[in-house]
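[1] Got a predicted structure here, sequence first:
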Amino acid sequence: MSLMVVKLQRPLSIMEKPLLPRESGQFIAEQSRDVFVEDEGVQKVAEMLYGLRHSDELTASGWKKANPLAPAPTSDQGSALNWVFVVDTVNFSFWPEEETQQCEVTYKGTTYTGYMTLCAAITRAMEEGVPITDPKYFSQMNMEELGRVLRSDNETPMPMLRERHQVLTEGGRVLLEHGGSFRSFISQAGNDAQKMVELIVEKIPSYRDEATYEGKRISFYKRAQILVADYWGIMAARGQGDIINMDWLTMFADYRVPQALVYLGALRYSDTLMQALKNGERLSSGDWREVEIRGCSIWCVELIKDRLHKLVQERDGQPCSVNSVIIDFYLWPYAKQHHKEMAHIPIHHTRCIYY
């Protein structure tokens, strides 16, 4: 499926401005028919996070712990930031088709699957001398070259190679038009997380993660927000994470964190939706059930964050610095670590470029 087809499937008015991700999450949660935020579960997760409030797991550095392949704080800043841009631009759709093995990449003796397959492949390419983080290269690389970079160690290729090639070359061209690096591009937004997301979504079409729900145009901007959050993580690791408006960002609406929220009792699926997912029904991008899963996840994490802040204020008598990004940084690896216990909760499958 081409990106053009994906776009044409969504009959959105160009003139209508979408609700922002947080407002979208609240609107969807208030209208939702098949996904519900559970107050008791929200409280339970907030209590769990309260117990971790002094640990590194609830800091920006938790991102580096969750991703050991991320560039080290001592690496060249420009190259590290371009690495983040490349990875986040093609960070979508890693789940395998039914009855097939997951795509795998082995790097330095460790075999990776899912999103980490991508990180391992990009890092492996750099060691092989491929200038994969140079916008001059990846803006005009051909699909065969990208296929070589993203090659799997088994018979299952990484899905959506054509789409990954299209969005990466598109992104590279945008960087070349704005100073030739991700650092020069994102600097146009100052140190403001909200302005960074707005800049990315305005300039790079593949990051426009939007849909229509109950007559309203809504947005999730999963990859745009995670790109800003990863930028923050890279800079914070270097002692330069003084980015304002990080509280503007929401969690990153994908398929793994909703599973964790259901497992923890903070989200609930209707019996009909649960059965459809267990039957292996694939949800198309923009399907109301897919929109409800993602939107309710956003609002659920917002409520967890608010409840956590209240607990810290009431019990410790001080403000809480944990934002929705940090909660996502905790929940995503939590879902990976507890995948066996969560096996009875199906993840939704949507093959698209947005997550």
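    That came in fine, so what should we check first?
[2] From now on I want contacts and neighbour counts done on CA atoms only, so please keep to that.
    Noted.
[3] Let's test this: name the helix or strand in this protein with the lowest mean pLDDT.
    Within the chain, no helix or strand scores below helix 3-8, which has a mean of 38 by mean pLDDT, DSSP states H and E.
[4] ok, then the element right after it?
    Per DSSP states H and E, the first helix or strand lying C-terminal to helix 3-8 is helix 21-31.
[5] what's downstream of that next one, the next helix or strand?
    Next helix or strand after helix 21-31 toward the C-terminus (DSSP H and E): strand 35-37.
[6] mind checking how far that next one is from the chain centre?
    Strand 35-37 has its C-alpha centroid displaced from the chain centroid by 20 Å (C-alpha atoms, centre = their mean, to the nearest Å).
[7] Relative to that strand, what are the paired strands and their orientations?
    Sheet pairing for strand 35-37, assigned by DSSP bridges, gives strand 267-269 (antiparallel).
[8] Which residues does the strand it pairs with contact?
    Residues from elsewhere that reach strand 267-269, judged by C-alpha atoms under 8 Å, 6 or more residues apart in numbering: 34, 35, 36, 37, 38, 41, 258, 261, 262, 296, 297, 300.
[9] Can you list phi and psi of the nearest residue to residue 151 once chain neighbours are set aside for me?
    Sequence neighbours aside, residue 157 is the residue nearest to residue 151 in space, at 6.6 Å (criterion: C-alpha to C-alpha, 6 or more residues apart in numbering). When read as degrees, to the nearest 10, the backbone of residue 157 gives phi -80, psi 160.
[10] Under the pLDDT cut-off, which ranges of this protein? List them.
    Along the chain, segments meeting pLDDT under 70 span 1-15, 61-66.
[11] Spell out the residue ranges of the strands in it.
    Assigned by DSSP state E, the chain shows strands spanning 35-37, 105-107, 110-112, 210-213, 216-219, 267-269.
[12] Can you tell me which of the contacts of strand 267-269 is nearest residue 125?
    residue 258 (32.0 Å; C-alpha to C-alpha).
[13] was I right about the closest one contacting residue 293?
    Yes. With contact defined as C-alpha atoms under 8 Å, residue 258 reaches residue 293; the gap is 6.9 Å.
[14] re earlier: now render the strands of the chain as TSV, adding mean neighbour count and distance to residue 182.
    Putting the strands of the chain into TSV (neighbours: other C-alpha atoms under 10 Å; distance: least, C-alpha to C-alpha, whole Å) gives the following:
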stretch	mean neighbour count	distance to residue 182
strand 35-37	24	37
strand 105-107	18	26
strand 110-112	13	26
strand 210-213	21	23
strand 216-219	21	23
strand 267-269	22	36
